[in-house]
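Colleague: here is a sequence with its predicted model. Questions after.
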Amino acid sequence: MKGESRDRTAEVKAASGEFQIARRDFCDAFEQEAGRLFSARECWYCRYGDFGILTEHPTQNGVCGFACRTGGVPEPPEQTEEK
């Protein structure tokens with residue numbers, strides 16, 4: 001559905017290049033874009049998402065460049081050890 005958030009972690013792990021994403025998609029590889037005053041765990045705010053934000057006509061759909069820019073799989077979140 002349009003405007004619905006989707007977890008794209010499996011696709012990021014399997015990607016060998018860029019692939020299509022929507023503004024509200026998210027995954028475990030999220031890294032906040034430097035210089036953003038506001039952030040949410042969505043592709044729109046991620047450093048790997050390209051939506052043409054710095055152009056005259058940003059779009060709601062873009063491409064994820066995680067695999068191209070890092071050449072790897074996102075690392076799992078750190079787990080804290082309870083004592």
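Modeller: Yep, that arrived.
Colleague: show me the contacts for the residue lying closest to residue 58 once chain neighbours are set aside.
Modeller: Spatial nearest neighbour of residue 58, chain neighbours left out: residue 52 (4.8 Å); criterion: C-beta to C-beta, 6 or more residues apart in numbering. All C-beta spots, glycine's among them, are computed from the backbone N, C-alpha and C. With contact set as C-beta atoms under 8 Å, 6 or more residues apart in numbering, residue 52 has these partners: 58-59, 62.
Colleague: so which of these sit within strands?
Modeller: residue 62 (DSSP state E).
Colleague: export the contacts of residue 52 to JSON lines and append columns for distance to residue 7 and neighbour count.
Modeller: JSON lines is the format used below for the contacts of residue 52 (distance: C-beta to C-beta, whole Å; neighbours: other C-beta atoms under 10 Å):
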{"residue": "58", "distance to residue 7": "23", "neighbour count": "13"}
{"residue": "59", "distance to residue 7": "21", "neighbour count": "12"}
{"residue": "62", "distance to residue 7": "17", "neighbour count": "22"}
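Colleague: got the phi/psi numbers for the residue nearest the centre of the chain?
Modeller: With distances taken as C-alpha atoms, centre = their mean, residue 43 lies nearest the centre of the chain, 3.7 Å away. Phi and psi for residue 43, reported as degrees, to the nearest 10, are phi -60, psi -30.
Colleague: I figured it was touching residue 29, is that so?
Modeller: No - the pair residue 43 / residue 29 is not scored as a contact, 9.8 Å apart, by C-beta atoms under 8 Å.
Colleague: which residues touch the closest residue in space to residue 18 that isn't next to it in sequence?
Modeller: Excluding its sequence neighbours, the residue lying closest to residue 18 (C-beta to C-beta, 6+ apart) is residue 63, at 4.3 Å. By C-beta under 8 Å, 6+ apart, residue 63 lies in contact with 18-21, 49-50.
Colleague: check pLDDT for those residues and point me to the minimum.
Modeller: On pLDDT alone, residue 18 ranks lowest of those, at 86.
Colleague: residues in contact with that one?
Modeller: By C-beta under 8 Å, 6+ apart, the neighbours of residue 18 are 63-65, 67-68.
Colleague: what about 7 Å?
Modeller: Neighbour list for residue 18: 63-65, 68 [criterion: C-beta atoms under 7 Å, 6 or more residues apart in numbering].
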